[in-house]
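Participant: What follows is a predicted structure for the sequence shown.
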Amino acid sequence: MKYIYINILTTLLIILGTSTAYCQLTATDGYVLLRNQVFGGDNQSALVYKSNYSQNAQMIFMERDSIIYGAVRGFGDSKFGLIDASGNWLLEHKNNDYTKFSIANHEKMIIKENGNIGIGTSDPMYKLDICGTIRAIEVLVEDDWCDYVFDKDYTLPTLEEEKEHIEKNGYLLGFESEKTMDGKISLHDVTKRQQVKIEEYALQLIQLNEHNKMLEQQNEDLNKKYKVLEAMLIQLQHKMKLVSNP
């Protein structure tokens, strides 16, 4: 292996007719060594940087006035990432484990190797695990719906059964208790159950409406009969007066 050693106090300049200075170093079939940091190339990469440290490899980006913008770095435990000058912003990847984003020196989001994404949590248990408030214009859940409630063979609970269940258990028929749910609500599951109750209540209201209409008709019929009987009674009273006063 060939090395070209360069004293960092030495500057090689090639002036090309302007005030701009250029420096070009060429090492054929070899490496360039700057302060024991090796720069070279191989069959896969045009440029390879080999750090002199066993647990850290870092390339710092700074402007002419030595103001540091950030760094590309690799460090122990197979970690690789980008970091800003203050260390408040970080993009970090760990082989076969995670990729995480940090802002204000706090982790904001992590993507695990199994595809789970966590926001506000470092250990996401679901494909999207958020510890915080979500604002959205629309949420689409793909699943079947509850039209089976309107099937003719569906067993519709009566209002008496609903009342008995509520008085006995303290919650709606077809649901679990607050203690059983343990503070965890599946929006998809609860939405479907609520829709079932809405459809059941709609059918029960239809039944009540039909029953009410039947009672109204019966009441109207009775009222007509009452008026007929009332008229007959008036006629009978009139005839009795005629008989008693010839």
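Facilitator: Looks like it came in fine.

Participant: in this structure, which residue is closest to the centre?
Facilitator: Centroid-nearest residue in the chain: Leu128, 5.2 Å away (criterion: C-alpha atoms, centre = their mean).

Participant: What separation do you get for that residue and Leu236?
Facilitator: For Leu128, the distance to Leu236 equals 84 Å [C-beta to C-beta, to the nearest Å]. To be clear about C-beta, it is placed using only N, CA and C from the backbone, and glycine gets the same treatment.

Participant: cool, Gly81 as well?
Facilitator: 106 Å.

Participant: more crowded one of these two?
Facilitator: Gly81 (18 against 10; other C-beta atoms under 10 Å).

Participant: picking that back up, any idea what sits nearest the residue nearest to the centre of the chain, other than its immediate chain neighbours?
Facilitator: Ile117 (5.2 Å; C-beta to C-beta, 6 or more residues apart in numbering).

Participant: Could you pull out the helices in this structure for me?
Facilitator: 159-169, 178-181, 187-244 (DSSP state H).

Participant: residue ranges with poor pLDDT in the chain?
Facilitator: For the chain, the stretches flagged by pLDDT under 70 are 1-46, 246.

Participant: And it, what are its domain boundaries?
Facilitator: 1-49, 53-135, 147-244 (automatic domain parsing).

Participant: wait, which of those domains is closest to Val141?
Facilitator: Val141 lies closest to domain 147-244 among the domains of the chain, at 5.1 Å (C-beta to C-beta).

Participant: re the thing from before, can I get the domains of the chain in TSV including distance to Val141?
Facilitator: Below are the domains of the chain laid out as TSV (distance: least, C-beta to C-beta, whole Å):
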stretch	distance to Val141
domain 1-49	46
domain 53-135	13
domain 147-244	5
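
Participant: Out of these, which one sits most buried?
Facilitator: Sort those by mean neighbour count, taking mean count of other C-beta atoms under 10 Å, and domain 53-135 sits at the top with a mean of 13.

Participant: so the residue nearest to the centre of the chain touches Gly120, yeah?
Facilitator: No. Counting by C-beta atoms under 8 Å, no contact exists between Leu128 and Gly120, whose distance comes to 11.3 Å.

Participant: now the strands for this structure?
Facilitator: In the chain, the segments counted as strands under DSSP state E are 3-5, 14-15, 21-22, 31-34, 37-40, 48-50, 56-62, 68-75, 79-84, 90-94, 98-103, 106-112, 117-119, 128-130.

Participant: Look up which residues are beta-bridged to the nearest residue in space to Tyr69 that is not next to it in sequence.
Facilitator: Counting by C-beta to C-beta, 6+ apart, Tyr69 lies nearest to Phe61, which is 4.8 Å off, once chain neighbours are set aside. Beta-bridge partners recorded for Phe61 (DSSP bridges): Gly70.

Participant: Thanks a lot, catch you later.
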